[in-house]
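S.K.: Following is a predicted model, sequence given first.
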Amino acid sequence: MTFLSSAFPLIDLKEDDPFFKLKFLDWLKSQPTALPLEKYCEEGWPSKTVQFYIEEYHFNPDFIEVKFCALFDECISACCHLGSELEEEGFYTIPRRGDFICIIDRKHGHSQFKLTE
């Protein structure tokens, strides 16, 4: 499955840029709806708080490929747990991990997010 997003802030980055990871993560955080985190949820919805970790990246003349993961909580309605402490908050959470590959097209300024499974 592929999801497209604009990547103009990243197309001119160089392989030897010591801040590449930081710039990529900042750009990724500015794209809150670009990643389909719900694909990794079983019953609920993804939390708004997400931590990203870059696992590896490769530079090519035409594109940059970044493999990364997203750590987040799946929020599940507590309506089935009547009488528990969970009912007060309305939901409980389960930790989830989503693995992705981002391919940044350096010529056209687009990016593609693909789920890895």
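M.R.: Nice, thanks for sending it over. Only a predicted model underlies this, so the values are computations on that prediction, with no experimental measurement involved. Residues are numbered from 1 along each chain as shown.
S.K.: List the buried residues in the helix ranked longest in the chain.
M.R.: The single longest helix within the chain, with elements called by DSSP state H, is helix 20-29. The neighbour-count check on helix 20-29 (16 or more other CB atoms under 10 Å) flags 20, 24-25, 27-28 as buried. Every C-beta, even on glycine, is put in place using the N, C-alpha and C of the backbone.
S.K.: Could you tell me the phi and psi values at Ala70?
M.R.: Per-residue torsions, Ala70: phi -120, psi 120 (degrees, to the nearest 10).
S.K.: dump the residue contacts of it.
M.R.: When contacts are counted by CB atoms under 8 Å, 6 or more residues apart in numbering, Ala70 touches 35, 37, 50-52, 97-100.
S.K.: Which of those residues sits closest to Asp12?
M.R.: Phe52 (21.3 Å; CB to CB).
S.K.: element containing that closest one?
M.R.: Assigned by DSSP states H and E, Phe52 belongs to strand 45-59.
S.K.: What is that strand packed up against?
M.R.: helix 20-29, strand 63-77 (3 or more CB pairs under 8 Å, 6 or more residues apart in numbering; DSSP states H and E).
S.K.: let's see it at 10 Å
M.R.: helix 20-29, strand 63-77, strand 91-105 (3 or more CB pairs under 10 Å, 6 or more residues apart in numbering; DSSP states H and E).
S.K.: Name the residues of the last one that are buried.
M.R.: Applying a neighbour-count criterion of 16+ other CB under 10 Å, one finds 91-92, 96, 98, 100-104 buried in strand 91-105.
S.K.: any idea which of those residues is least confident?
M.R.: When the buried residues of strand 91-105 are compared by pLDDT, Phe91 scores lowest at 77.
S.K.: beta partners for it?
M.R.: Counting by DSSP bridges, Phe91 forms beta bridges with Ser77.
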